[in-house]
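Engineer: Compute the structure for the input listed below.
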Amino acid sequence: MDFESLVGQIKQVQDVFQAQAAHAINLSLTTRNWLVGYYIVEFEQNGEDRAKYGDKLLKTLAQRLNKRGLGERRLYEYRLTYQIYPQLGDVIAEYIVQHSQNAFLRLPTAKSVGSNIAIEKLRLPTAISEIQKESWETPASSLFYKLSATHLIRLSNIDSATKRAFYEQEAIRGCWTVTELDRQVSTQYYERMGLSKDKKALSKLALKDAQQLTPLDVIHNPVTLEFLGLQSQDVVTETKLENTILNHLQLVLMEMGRGFCFEARQKRVLIDQDYFKADLIFYHRILKCHVIIDLKIDRFRHEYASQLNCYMNYYKHEVMQEDDNPPIGLLLCTDYGETTVQYATEGLSQNLFVSKYRLQLPTEEEMRQYLLESATEQDWEEYKKEQAENKKKNQ
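Structural biologist: From the prediction side, this is the model:
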C-alpha cells in the first residue's frame, strides 16, 4: 500500500460509514415521527380526557413537552404522516424489535409489558384491505428505507393518493433530495407528465434537471384554469405552461369574475434604474382600482409578496388617479402554506392576496396506468411480497 492507496481507503471508509450513520439516523427519525403521530391519533380517538383538550391538543401538548423538535407545527406534521402512512406500522414494529432492545415496549396501549402484546397493539391500526389489482401502492418497506422522514412529511401534504404515489415512485427512482421533490411538486411535474405524449422524455428531463363589493368578493380562490385547454405535447415545460396561461386572457377574465378590464401584459415598470415586469394589469370598473396579477409557476415564497407589494406601491404613487382606490395585488401560485403567507404579508398592503390556481388535471386512470407501466420488476416483487404478507396477517 502506498500513500495514495491509504488516502483512498480512508476516504472510502469515511464515505461508506458516514452514509450508513445518516441512514440509521433517518430511520430513527421516521420511526419517531410515525410513533408520535400514532400516539396522538390514538389519544384523539380513545383518550379518556380527550374532550378536555379538543382543537388545542397539539398546542397544549407542545407547551407541556417543551422540547426542541416537538413544537405544535412538528406535532401536526407527525400526526399527518401517521394518518397518510398507517401501512408503515408493520415495518416500524419490526425495526423497533430489531434495533431498540425492547426500549419501546412501554406503549400507551399495551395492557402488560409483554412484547407480543405491545407490538401487536402497534400493528392494529395498520391493517390494510386487499388492494385492487389495477391500483398501485408503494411498498411500505420502500417508503421506510428509501425515503427520508422529511420526504414523508412533504408527501403527506399531497391530497390525491394517486398523485402522492407518483411522487413517491419518482422520488425513489430518481433519488431526489427533499429540495428536488419540492421543486418538482411546485412546478407541477405530475400535471405535466399527464399532459405529455412522451412521458419517458419528460421523466429523463426531470431527472436531469355581490353587496358592496370588497376585494375578497371579487377574487376567486382557488382560480380554476381548466379552460386553458392544454393539449398533449411531447414535453410540457414550465415556460410552455406560463405562456399558455398568459395567452388565454379572455377566458382568464371570465374566470376572474365580472368587472375586470384588461390593460397590459408583461407591463414594464421602471423604478430607479431597474426595469421590472408585472405579468397582468387589469382595471376593475366596479372597485375603481388597478388589479396587478403576478403569476408564479411554483409554490409561494416570501419574496414573491415583497415583489408584488413593490408593484402595488408603484401604481399607488405613479399611476393612481384622484378618484381611484388603492391597487389590488393578486399573487397566483400553484400552492402555498398559510403560515408562510401570513408572515410574509403581515404589515404589507391589506389589498395583497395570495391564491392558488388549478390546471385541468390528468385523469386518475391515466396516472395509475403510468405508475403500473413505470414500475420496475424489483418494485413489483417488493409490492407482491408485502401484499402477500399483509393478506396472511389479516386472515
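
Engineer: Average pLDDT for stretch 352-365, rounded please.
Structural biologist: Averaged across stretch 352-365, pLDDT comes to 69.

Engineer: what do you get for stretch 70-78?
Structural biologist: Per-residue pLDDT values over stretch 70-78 give a mean of 89.

Engineer: Grab the CA positions of that stretch and hand them over as CSV.
Structural biologist: Listed next in CSV are the C-alpha coordinates belonging to stretch 70-78 (Å, rounded to 0.1, in the frame of the first residue of the first chain):
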residue,chain,number,x,y,z
LEU,A,70,-41.7,18.8,19.2
GLY,A,71,-43.4,22.2,18.6
GLU,A,72,-47.0,22.5,17.5
ARG,A,73,-46.2,22.5,13.8
ARG,A,74,-44.0,19.5,14.1
LEU,A,75,-46.6,17.5,16.1
TYR,A,76,-49.1,18.4,13.3
GLU,A,77,-46.7,17.0,10.7
TYR,A,78,-46.1,13.8,12.6
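
Engineer: And that stretch, what's buried?
Structural biologist: Under the neighbour-count criterion of 16 or more other CB atoms under 10 Å, stretch 70-78 has 70, 71, 74, 75, 76, 77, 78 buried. Bear in mind the C-beta positions are built from the backbone N, C-alpha and C, glycine included.

Engineer: what does stretch 18-32 give?
Structural biologist: Of the residues in stretch 18-32, 26, 27, 30, 31 count as buried by neighbour count, 16+ other CB under 10 Å.

Engineer: Could you list the domains of the chain?
Structural biologist: The record's domain parsing of the chain by automatic domain parsing lists 131-188+364-395, 215-358.

Engineer: re the thing from before, tabulate the buried residues of stretch 18-32 (TSV), appending distance to residue 155 and pLDDT.
Structural biologist: Conversion of those to TSV gives the following (distance: CB to CB, whole Å; pLDDT from 0 to 100):
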residue	distance to residue 155	pLDDT
26	15	85
27	17	87
30	12	91
31	17	90
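
Engineer: Which of the residues you listed fall within helices?
Structural biologist: 26, 27, 30, 31 (DSSP state H).

Engineer: gap between the second one and residue 69?
Structural biologist: Distance, residue 27 to residue 69, using CB to CB, to the nearest Å: 16 Å.

Engineer: hmm, back to that, just the buried residues of stretch 70-78: which are in helices?
Structural biologist: In helices, judged by DSSP H, the following of those are found: 74, 75, 76, 77, 78.

Engineer: Quick check: the second one touching residue 60?
Structural biologist: No - look at residue 75 against residue 60 with CB atoms under 8 Å: they stay out of range, at 10.3 Å.

Engineer: how about residue 270, what does it touch?
Structural biologist: The neighbours of residue 270, taking CB atoms under 8 Å, 6 or more residues apart in numbering as the test, are residue 276.

Engineer: Double-check that it belongs to a helix.
Structural biologist: No - assignment of residue 270 by DSSP: H, G, I helix; E, B strand; the rest coil gives strand, placing it outside any helix.

Engineer: so what pLDDT did it get?
Structural biologist: In the predicted model, residue 270 carries a pLDDT score of 83.

Engineer: and if you look at residue 274?
Structural biologist: For residue 274, the model assigns a pLDDT of 82.

Engineer: neighbours of it, just the number please.
Structural biologist: Other residues lying near residue 274 total 7 when counted by other CB atoms under 10 Å.

Engineer: cool, and the one 4 residues further on?
Structural biologist: Around residue 278 sit 24 other residues, with neighbours defined as other CB under 10 Å.

Engineer: so who does it touch?
Structural biologist: Residue 278 makes contacts with 264, 266, 267, 269, 292, 293, 294, 311, as judged by CB under 8 Å, 6+ apart.

Engineer: Among those, which one sits closest to residue 138?
Structural biologist: For these, the residue nearest residue 138 by CB to CB is residue 294; the value is 36.0 Å.

Engineer: Which helix or strand contains the closest one?
Structural biologist: strand 289-295 (DSSP states H and E).

Engineer: re earlier: would a markdown table of the buried residues of stretch 18-32 with distance to residue 336 be doable?
Structural biologist: As requested, those are exported to a markdown table (distance: CB to CB, whole Å):
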| residue | distance to residue 336 |
| --- | --- |
| 26 | 28 |
| 27 | 31 |
| 30 | 26 |
| 31 | 30 |
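
Engineer: ok, of the residues you listed, which one's closest to residue 328?
Structural biologist: Among these, residue 30 lies closest to residue 328 (CB to CB), at 44.0 Å.

Engineer: Quick one: mean pLDDT for stretch 34-46?
Structural biologist: The pLDDT scores in stretch 34-46 average 90.
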